[in-house]
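Output the structure for:
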Amino acid sequence: MKSSKHSRRNFIKTLSGVTTGLAVTSASARATDPARPEKSKYMGGFIAPKLDKIKVAIIGCGARGGTHYNHVSAFEGTEFVGICDLYQDLAERAKKKVLANGKGTRHQNVKLYTGDKFAYKKMLAETKPDLVYVVTPWEWHAPMAIDAMNAGAHVCVEVPLTTSIKECWNVIDTSEKTQKQCMMLENVNYGREELMYLNMCRKGIFGEILHGEAAYIHELRGQMHAVERGRGTGSWRTHHWAKENGNLYPTHGLGPVAQYMNIGRTDDNFRRLVSFSSPARNHQIYAKKRFKPDSKLNKIDYSKGGDMNTSIIKTHLGRTIMVQWDESSPRPYTRHNLIQGTKGTGKGFPFGIALDYGKNEGLPEKLFQKLAGKKNHTNYHGWSTDQQAFYDEFDHPLYKRMADVAKKMGGHGGMDAIMNFRVVECLRKGQPLDQNVYEGCLWSAVTPLSRKSVAEDGMPQDFPDFTRGQWKTTAPLAIVG
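Numbering: from 1, shown residues only. Below you'll find the model as predicted:
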């Protein structure tokens, strides 16, 4: 018994030392976040000088590029000056659409740059755009964003904004040094349901927010065919699936939840993450089933990746967020979207809201009567699926204003059109963009941190403070109308 007690004391002592060591390591990691370079300015809430006319250039005219140049070229106050793509046919198709949207009065001087992966640099130097859209493979996002800002342009970048922590800091330092906006194009933040939940969170309908869940589960193995063609999204995305193990595409689900929780803006910030992945099976199965044995697809080793990744984020306030990603498993699409508080929970895919309200406890009377009926309390043991009833009460004013534009111009149900309109509107009216550079980097940082955590069998990874402490004084995202 004495020996057992002694062993137990030694174990506790050792464990205490390990825990202390981990705490020191974590604190040390946060302490090594680089200082802000001289003559740099914090960009949270930054307002750029108004631009009555925005000279626009785009790099990348494929599937996503088409959505952006179609929308932006149709908005008043824009003039396309440059279009860049590796492929001549895609650039020419883009020019044709842009000119049509200009109706003979705008975009007449747009120039094409093709055939060279660095042709965009010539475009930046010659056309001197005010705003650049970067819609290219992931590994090009940060370098192109940095080049665009150094060339004097604001930049909007497809998701993810970066692929490494080092890139995050480089993008932030460049934005702060050049005083140019850098926004990640997280379109899901502009979905009608997501905007409504943001509005409900701001109104306190869910009470104190304690937990969120977010996912991007989208079977995309069909993109693998692009490897044989040598062009298209799957021609490069497939190699990421094969080589990397973590959450490679976190921001569609995470962006809205982060905004519900006011992450990086006064209230709270991400603190640390743990991550695990399932074994990689589905890409290999698909390749063997759909392609010939001597196909390029069957010569790729997919075993280094993972099919389903699940990460858990802990915030400074102790709140939790589950983030999932899977682009290979045979299951229906979902951007699982859930926000949970002390007064109830809202979710998407499928839609449902459960609230804990009695009469005269703050829920709008008309909605309360619909949810409670003859009872004096709402039933939070079942989901209310009457989405229109909640839209009638809590539809975001931005969506109300933009509903016709969203319906007319489309793009994932109109969220793309609203997002692109807001970029143009903010730059023309002298307003801060809805997503700042720190948010883009923070949400994107889940990828490298999850990769590291998976590689270390789920060891916690600390988020850098990309704002260098200034998130605590950054104003919350306003409910704009």
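
Sticking with the nearest residue to Phe75 once chain neighbours are set aside, tell me its helix or strand.
Among residues not flanking Phe75 along the chain, Val424 sits closest, at 4.8 Å (CB to CB, 6 or more residues apart in numbering). C-beta: built from backbone N, CA, C; applies to glycine. Using DSSP states H and E, Val424 sits in helix 415-429.

quick one: average pLDDT of whichever helix or strand comes after that helix?
The helix or strand immediately downstream of helix 415-429 is helix 437-444, counting by DSSP H and E. Mean per-residue pLDDT for helix 437-444: 98.

With just CA atoms, put helix 437-444 into PDB.
This file holds the C-alpha atoms of helix 437-444, laid out as PDB (Å, rounded to 0.1, in the frame of the first residue of the first chain):
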ATOM      1  CA  VAL A 437      -8.300  40.200 -42.900                       C
ATOM      2  CA  TYR A 438      -7.900  38.800 -39.400                       C
ATOM      3  CA  GLU A 439     -11.100  36.800 -39.600                       C
ATOM      4  CA  GLY A 440     -10.100  35.400 -43.000                       C
ATOM      5  CA  CYS A 441      -6.800  34.200 -41.500                       C
ATOM      6  CA  LEU A 442      -8.300  33.000 -38.300                       C
ATOM      7  CA  TRP A 443     -10.900  30.800 -40.000                       C
ATOM      8  CA  SER A 444      -8.300  29.600 -42.600                       C
END
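
Mind listing residues that contact it?
Contacts to helix 437-444, defined as CB atoms under 8 Å, 6 or more residues apart in numbering, come from residues 43-44, 157, 159-163, 168, 171-172, 175, 181-184, 186, 250-251, 254-255, 258, 263-264, 269-270, 463, 466-467, 471.

switch to 6 Å and redo it
Defining contact as CB atoms under 6 Å, 6 or more residues apart in numbering, one finds that helix 437-444 is touched by 43, 160-162, 168, 172, 175, 182, 184, 251, 254-255, 264, 466-467.

And for stretch 287-305?
With CB under 6 Å, 6+ apart as the test, stretch 287-305 has contacts from Met224, Val227, Trp241, Ala242, Lys243, Asn245, Ala280, His283, Gln284.

Strands along the stretch 201-350 of the chain, start to end?
Ranges of strands within the stretch 201-350 of the chain are 209-217, 270-277, 309-315, 320-326, 337-341, 344-348, based on DSSP state E, counting those that start in this stretch.

Just put the ones you listed in TSV and tack on distance to Lys359 and mean pLDDT.
TSV is the format used below for the strands of the stretch 201-350 of the chain (distance: least, CB to CB, whole Å; pLDDT from 0 to 100):
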stretch	distance to Lys359	mean pLDDT
strand 209-217	24	98
strand 270-277	38	98
strand 309-315	34	98
strand 320-326	32	98
strand 337-341	20	98
strand 344-348	16	98
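
between those strands, which one is nearest to His71?
Checking the strands of the stretch 201-350 of the chain against His71 by CB to CB gives strand 209-217 as the closest, at 22.2 Å.

State the distance from Tyr357 to Gly62.
From Tyr357 over to Gly62 the distance is 47 Å, taken as CB to CB, to the nearest Å.

out of these two, which sits in the more crowded spot?
Neighbour totals were compared for Tyr357 and Gly62, and Tyr357 leads with 21 against 17 (other CB atoms under 10 Å).

related to what we said a few turns ago, mind giving me the packing neighbours of the helix holding Val424?
Using 3 or more CB pairs under 6 Å, 6 or more residues apart in numbering; DSSP states H and E, the elements in contact with helix 415-429 are helix 63-74, helix 397-409.

Now it - C-alpha only, CSV.
Extracted C-alpha coordinates of helix 415-429, given in CSV (Å, rounded to 0.1, in the frame of the first residue of the first chain):
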residue,chain,number,x,y,z
MET,A,415,-25.6,34.5,-51.3
ASP,A,416,-22.8,35.1,-53.8
ALA,A,417,-24.6,38.1,-55.3
ILE,A,418,-25.2,39.7,-51.9
MET,A,419,-21.6,39.2,-50.9
ASN,A,420,-20.2,40.7,-54.1
PHE,A,421,-22.6,43.6,-54.0
ARG,A,422,-21.5,44.3,-50.4
VAL,A,423,-17.9,44.4,-51.4
VAL,A,424,-18.6,47.0,-54.1
GLU,A,425,-21.0,49.0,-51.9
CYS,A,426,-18.6,49.2,-49.0
LEU,A,427,-15.7,50.4,-51.2
ARG,A,428,-17.9,53.0,-52.9
LYS,A,429,-19.5,54.3,-49.7
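
okay, the angle between it and helix 397-409?
Interaxial angle of helix 415-429 relative to helix 397-409 (axes from the mean of the first three to the mean of the last three CA atoms, to 10 degrees): 120 degrees.

and helix 415-429, how far from the chain's centre?
Remark: helix 415-429 is offset 16 Å from the chain centroid, using CA atoms, centre = their mean, to the nearest Å.

Next SSE downstream of the helix or strand harbouring Ile83?
Secondary structure from DSSP H and E places Ile83 in strand 78-85. For strand 78-85, the following helix or strand on the C-terminal side (DSSP H and E) is helix 88-102.

Can you name the element that comes right after that next one?
Next helix or strand after helix 88-102 toward the C-terminus (DSSP H and E): strand 111-114.

Pull the residues that contact that following strand.
With contact meaning CB under 6 Å, 6+ apart, strand 111-114 is reached by Gly82, Ile83, Cys84, Asp85, Gln88, Ala91, Ala119, Lys122, Met123.

same deal with stretch 447-460?
With contacts defined as CB under 6 Å, 6+ apart, stretch 447-460 is touched by 164-165, 245-248, 272-277, 311, 461.

Tell me which residues of that stretch come out buried.
Thr447, Pro448, Leu449, Ser450, Arg451, Ser453, Val454, Pro460 (16 or more other CB atoms under 10 Å).

and what of stretch 96-107?
Those would be Lys97, Val98, Leu99, Asn101, Gly102, Arg106, His107, for stretch 96-107 by 16+ other CB under 10 Å.

Looking at those residues, which one is closest to Ser328?
For the buried residues of stretch 96-107, the residue nearest Ser328 by CB to CB is Lys97; the value is 32.8 Å.

Report the spatially nearest residue to Val480, omitting neighbours in sequence.
Leaving aside its chain neighbours, Val480 sits nearest to Leu398 (5.4 Å; criterion: CB to CB, 6+ apart).

and the contacts of stretch 447-460 as JSON lines, adding distance to Gln388 and neighbour count?
Listed next are the contacts of stretch 447-460 as JSON lines, based on distance: CB to CB, whole Å; neighbours: other CB atoms under 10 Å:
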{"residue": "Ser164", "distance to Gln388": "44", "neighbour count": "15"}
{"residue": "Ile165", "distance to Gln388": "43", "neighbour count": "20"}
{"residue": "Asn245", "distance to Gln388": "42", "neighbour count": "22"}
{"residue": "Gly246", "distance to Gln388": "39", "neighbour count": "23"}
{"residue": "Asn247", "distance to Gln388": "33", "neighbour count": "32"}
{"residue": "Leu248", "distance to Gln388": "36", "neighbour count": "23"}
{"residue": "Arg272", "distance to Gln388": "40", "neighbour count": "17"}
{"residue": "Leu273", "distance to Gln388": "37", "neighbour count": "23"}
{"residue": "Val274", "distance to Gln388": "39", "neighbour count": "19"}
{"residue": "Ser275", "distance to Gln388": "38", "neighbour count": "29"}
{"residue": "Phe276", "distance to Gln388": "39", "neighbour count": "17"}
{"residue": "Ser277", "distance to Gln388": "39", "neighbour count": "24"}
{"residue": "Ser311", "distance to Gln388": "34", "neighbour count": "27"}
{"residue": "Gln461", "distance to Gln388": "42", "neighbour count": "23"}
